[in-house]
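# Fold the following for me, if possible:
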Amino acid sequence: MRNICRTAVAVLGLLVLGFSAVAQAPDWYEHRQERWRGQEWRARMFTEVKEDLDHIQSKTFPIGRDEYRIVRTKQELDELQSDLSAHRYSEAKLDQVIGTLQHVVADNRMSARDRDVLNEDLQHLRDYRAHHENWGR
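Predicted coordinates for the structure are as follows:
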């Protein structure tokens, strides 16, 4: 009887510890909100958009059109970021990134929450397009 009680207490203790660890684990969406808080994100906006795409890609079936659209958007984002690092702004390339990201939002299977994340990213990219000359100031 004592062994059963000790086992039950041990199991209960492990369950409580396990649930508290899960409750304390930061939610990806909360962490994302922290990353986008304030104005510091402006300096790393493209990296933040790419991290959002990585998160959504991790929940996407690895073979198919959904995956292809995300990979293509990330490649175009890398090219744009490379050009911007070399001080070459191309509104056409930015529009291309916005267009491919719009296709991901419109056509990919994802949760409404993930779609909202990418819609926010689209708005940030559009804001950058409208105000890129003063973005870093």
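# what sits against the residue nearest the centre of the chain?
By Cα atoms, centre = their mean, the chain has its centre lying nearest to residue 52, at 1.2 Å. With Cβ atoms under 8 Å, 6 or more residues apart in numbering as the criterion, the residues that contact residue 52 are 32, 117, 118, 121. For every residue, glycine as well, the C-beta is placed using N, CA and C.
# And residue 102, by the same measure?
Contacts of residue 102 (Cβ under 8 Å, 6+ apart): residue 122.
# avg pLDDT for the helix or strand hosting it?
Under the criterion DSSP states H and E, the helix or strand holding residue 102 is helix 91-107. For helix 91-107, the mean per-residue pLDDT is 97.
# what inclination does the helix or strand following it have with respect to helix 91-107?
Going down the chain from helix 91-107, the next helix or strand is helix 112-131, by DSSP H and E. Relative orientation of helix 112-131 versus helix 91-107 (axes from the mean of the first three to the mean of the last three Cα atoms, to 10 degrees): 160 degrees.
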